[in-house]
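From the sequence below, what's the structure:
(3 chains)
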Amino acid sequence: MKKDKSLIKNMISELAALDTKNMYLNDFYHTWKESDDEIDAVFKVAEILRGLRENNISTKVFDSGLAISIFRDNSTRTRFSFTSACNLLGLAVQDLDEKKSQIAHGETVRETANMISFMADVIGIRDDMYIGKGHTYQKTVASAVQEGYENGVLEQRPTLVNLQCDIDHPTQSMADMLHVINEFGGVENLKGKKIAMTWAYSPSYGKPLSVPQGIIGLFTRFGMDVVLAHPEGYDVMPEVEEVAAANAKKSGGSYKKVNSMEEAFKDADIVYPKSWAPFSIMEERTNLVEDGKFDKLDLLEKKCLDTNAKFKDWTCTEDLMKTTKDGKALYMHCLPADISGVSCKEGEVEASVFERYIVPLYKEASFKPYIIAAMIFLAKFENPSAKLDELMADATKRIK
Amino acid sequence: MKKDKSLIKNMISELAALDTKNMYLNDFYHTWKESDDEIDAVFKVAEILRGLRENNISTKVFDSGLAISIFRDNSTRTRFSFTSACNLLGLAVQDLDEKKSQIAHGETVRETANMISFMADVIGIRDDMYIGKGHTYQKTVASAVQEGYENGVLEQRPTLVNLQCDIDHPTQSMADMLHVINEFGGVENLKGKKIAMTWAYSPSYGKPLSVPQGIIGLFTRFGMDVVLAHPEGYDVMPEVEEVAAANAKKSGGSYKKVNSMEEAFKDADIVYPKSWAPFSIMEERTNLVEDGKFDKLDLLEKKCLDTNAKFKDWTCTEDLMKTTKDGKALYMHCLPADISGVSCKEGEVEASVFERYIVPLYKEASFKPYIIAAMIFLAKFENPSAKLDELMADATKRIK
Amino acid sequence: MKKDKSLIKNMISELAALDTKNMYLNDFYHTWKESDDEIDAVFKVAEILRGLRENNISTKVFDSGLAISIFRDNSTRTRFSFTSACNLLGLAVQDLDEKKSQIAHGETVRETANMISFMADVIGIRDDMYIGKGHTYQKTVASAVQEGYENGVLEQRPTLVNLQCDIDHPTQSMADMLHVINEFGGVENLKGKKIAMTWAYSPSYGKPLSVPQGIIGLFTRFGMDVVLAHPEGYDVMPEVEEVAAANAKKSGGSYKKVNSMEEAFKDADIVYPKSWAPFSIMEERTNLVEDGKFDKLDLLEKKCLDTNAKFKDWTCTEDLMKTTKDGKALYMHCLPADISGVSCKEGEVEASVFERYIVPLYKEASFKPYIIAAMIFLAKFENPSAKLDELMADATKRIK
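Numbering: from 1, shown residues only, chains lettered A, B, ... in the order given. You can find the predicted model right below:
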């Protein structure tokens, strides 16, 4: 697995050819707001940082510095990925625990954003629970610190990394894609490959849409045939579907939506069966919460679960897997999965399928810390390839 | 904003002339226990550290080391300021979360203080809720670690930084003063300036007294005319008033107390309208809690809020602001403020006043991390100017 | 107290003679699974690291890196010891707070272990509440990350440090022993010394068995006369008693169990009176929890407390202390203790006894961070003495 140093040097040279100027001192929200060079640069920097770490070369570019995390939902994976990425670069993480904090009623996001950012180099935010909220919140934070920087309140402008919002989950989709690139032996091998991003049954409710949206918004850029499959009524946000369609057109791939898991799986090279709540339900929930109609939330949940239950056959079985390309499609999931007979009675995937793909699934997840670190790195260094060359030349040992 | 290096060198030279011997290996409790040189040194070191950071020069004087935080009340601002200050110097923060900890009933403060301090360089404590308790607790911790150090239990004596107690809030008042010094173009311009530290209405109860006490205890040292204004019955601790009076006399300024917001605001150069609970109520609350009479706390709160409500006209309006010096007094607040029509129906300040002062308010807050870092720095280095010279000469980049 | 550098050099030379090959990249579970050389090496490295720190020499062997902590029970001492140890070596700590995390029902330990370990150098786990569970959990985590490493999921195999399980509490027992070695002027002075590890009354229930087990499992290796005393029914795990007996035989010491505190204390050089729950009760509790019979837990607790109450005379009194060797046995405790009249009405120890031993008790605790750091150090460096020599030669200042 360990990359040798000449390979790392090559990647640094390739990185030097990419235009990343616009990432410098900028934020990362949605993959589709980034150019192809920028997306490519994230993958390259991620692989280079990983390579350096494998060779015990320190990538601690911050002598001191702070990264702020704001998790508005419970999190293990993303929390550890963010901490790992920050530590890799030399940043300490301070979590804004809104429950422990003194955030007063009516205190503005603008105020909090500035108060926590006097020495912040990075802010990572996960806020995925309410349609129309998460991304808006992130933008509000970003414009608050921008204003603070311009007004001389903050000495530096912290970079914002989207650790999941209501629209996209870029650190997930890019980790997923980097996994795919590695599994298929290079980005050049992805053209014409079919990926089935499909809804799957889960006995839970309210799973965010940002994973399927992130996948169709990113994977369509690589000339792949991207199929989104879900039961009627489980639509994702239409604006992201438009992005996917436009991407596919440009990349020479295709994007289509079907209402059959079977059709999606047929001859697929990659399958990504995962539950989510329908966009319309998520919107209704957001409205109920906004209007303070909490008593109606239970009803909505019940309705949603009842509807879910009609689609228990949307599950990734061995039989379905057999219909994929050579019966050997790469099975993907952002984890944790709802595994039938293991974590629930009936869920997204049959236990034997899940179990067979354990190693690739864990590898898939292993890219996330490096993707986050790459996003931070590209926002902090105007000439990232020169900086990485410097790190290689210094060759400071990570473990002495 | 960025200070150039020659300016920083000048400040280091000025620092060298100050006597800070007594701060070395010592604690920081109340500003009035520090000499003028010591107060001046904190401001200078804070500005120097800020200048170095602005010039991307690392001030990481600890290669490794631990700072302990104990927050006996919720906190965002102070928590982030403390973490920032520690990170700036190279210390990692470990929070003593009393809820997560195994602190047994009856376990002594002495025991806990030693158990957490084996590798602690700094302990920061916020404990402001009960009159007669916070400072006492801090002193108990400090004497416990002193004893531990003398008995060979601890290899180093951690420095205690008062992050707010029942008596003083030195990191706040000193950040406030450094802000004032910057706004007025130097400490030499403060003589004869009038500051109105006034009570203001808030629909909440039990706000600590340490902010007004901190302000009158510190600002009276600079030859200013300090006016404390509050409704009858909202007295602060008499011993702090005595400090203020003595300071004013010595500095050639003045200290007086009035019962009229109008009188305080009249021709003021600076206004600091902020709510607090009356000393007598805070004392009564402390006694009730001590005697286990928790059922009477609600009654006390109701009584206090009812009394508060009689003084809703104690609010910082545009009309009042017009009566200040040229109608342009500097408005200050420790944040978060109770803003009428924004964070509450009726509060400490009119929204338009607050909004107009947003940038200076945020700048005011921005000094706190540097003040804390300066307090730690001065407690850890016998010859602080030499150490700062060294940092400048080394010029290790904070971001590589 | 401060060790001079020539003494440290000597200890490094002695360390060089010990065989620690098998500790490299390995975990630390139970002291009795480690060879005499390995146990000795932990003590030596702990003392050397302490000596270097006393001489302000940095022992930061990790330029960056992460340590994960998992506390499945509240903790202050161990949490701070672990953080201190990690900081001393240059590792940042990220806590897996299972309440804050998104660990799904049915998500496997294998999955979580891998998800948090992508950049983990160390995992410290405290899981002591259920018989047959804690150690098993630790082994499951360790085999999961081993598998992850072998499958190329993890670039490094994090080292597991047992911060307390149901069977042993090695960081406690080794800190205790290092304290004893220091108090008695060297390991060579321990032969023939008598230690009384005795049960003592406490008005609480369910205290883990791992402390007495750890003590008898370790102290019997040093040629000491180890006496375990408890009321009938308060047995520890029989397999650990077997370890103790075998150790004693090998080391030329002795191990015996008695049902009288008086007999144990008689002429003892060291006494360690501490409460624990009987093994059989702990097993019953585990079964009730496993079977979901939570309603029966209260009954079990009541039964246990009622039984406890029959043995209130099992308490460390001044009178009992007088019967020890010259009336001056070293009193030990892992803290916090249940002190009669202080932290409870009737408890493990009389206040005057406890108070007289405060300084040695705190010193006892002070070794734990260094023991933990030594365990990590020995797992991370194949040639620990060479690495320590290097640190001494570099002599990087911890505080600049």
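
Contact partners for the residue nearest to residue A:126 when sequence neighbours are not counted?
Spatially, and ignoring its direct neighbours in sequence, residue A:126 is nearest to residue A:163 (4.1 Å; CB to CB, 6 or more residues apart in numbering or on different chains). Yep, even glycine has a C-beta here, placed from its N, CA and C like the rest. Counting by CB atoms under 8 Å, 6 or more residues apart in numbering or on different chains, residue A:163 touches A:69, A:71, A:75, A:78, A:82, A:124, A:125, A:126, A:171, A:372.

what about 6 Å?
A:78, A:124, A:125, A:126 (CB atoms under 6 Å, 6 or more residues apart in numbering or on different chains).

Determine the number of other residues adjacent to residue A:178.
Per other CB atoms under 10 Å in any protein chain shown, the neighbour tally for residue A:178 reads 25.

same deal with residue A:10?
Residue A:10 has 12 neighbours, counted by other CB under 10 Å.

Likewise for residue A:215?
Neighbours around residue A:215, by other CB under 10 Å: 29.

just residue A:317 next, same as before
Using other CB under 10 Å, the number of residues around residue A:317 comes to 17.

what's the nearest residue to it if we skip its chain neighbours?
Closest to residue A:317 by CB to CB, 6+ apart is residue A:350, at 5.1 Å.

Who does that neighbour form a beta bridge with?
residue A:340 (DSSP bridges).

and the nearest residue to residue A:142 once chain neighbours are set aside, helix, strand or coil?
Nearest residue to residue A:142, sequence neighbours excluded (CB to CB, 6+ apart): residue A:160, at 4.7 Å. With DSSP: H, G, I helix; E, B strand; the rest coil as the basis, residue A:160 sits in strand.

Residue A:160 reaches residue A:124, doesn't it?
No - applying CB atoms under 6 Å as the test, residue A:160 and residue A:124 come out as separate, 7.7 Å apart.

more crowded one of the two?
For residue A:160 versus residue A:124, neighbours defined as other CB under 10 Å are more numerous around residue A:124 (31 against 25).

does the more buried one sit in a helix or strand, and which one?
strand A:120-126 (DSSP states H and E).

And the average pLDDT for that strand is what?
Averaging pLDDT along strand A:120-126 yields 97.

Pairing partners for that strand, with directions?
strand A:66-71 (parallel), strand A:159-162 (parallel).

Distance to residue C:338 and mean pLDDT added to those, as a markdown table?
What follows is the strands paired with strand A:120-126, written out as a markdown table (distance: least, CB to CB, whole Å; pLDDT from 0 to 100):
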| stretch | distance to residue C:338 | mean pLDDT |
| --- | --- | --- |
| strand A:66-71 | 38 | 96 |
| strand A:159-162 | 48 | 98 |
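
Same list, these, but as CSV with distance to residue B:256 please.
Output for these, formatted as CSV (distance: least, CB to CB, whole Å):
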stretch, distance to residue B:256
strand A:66-71, 43
strand A:159-162, 48
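
Go through these and name the closest to residue C:95.
Distance to residue C:95, taken as CB to CB, is lowest for strand A:66-71 among the strands paired with strand A:120-126, at 13.1 Å.

from the middle of its chain, how far away would that closest one be?
17 Å (CA atoms, centre = their mean, to the nearest Å).

related to what we said a few turns ago, who wins for neighbours among the contacts of residue A:163?
residue A:124 (31 neighbours).

what about that one, distance to residue A:82?
Taking CB to CB, to the nearest Å as the measure, residue A:124 falls 5 Å from residue A:82.
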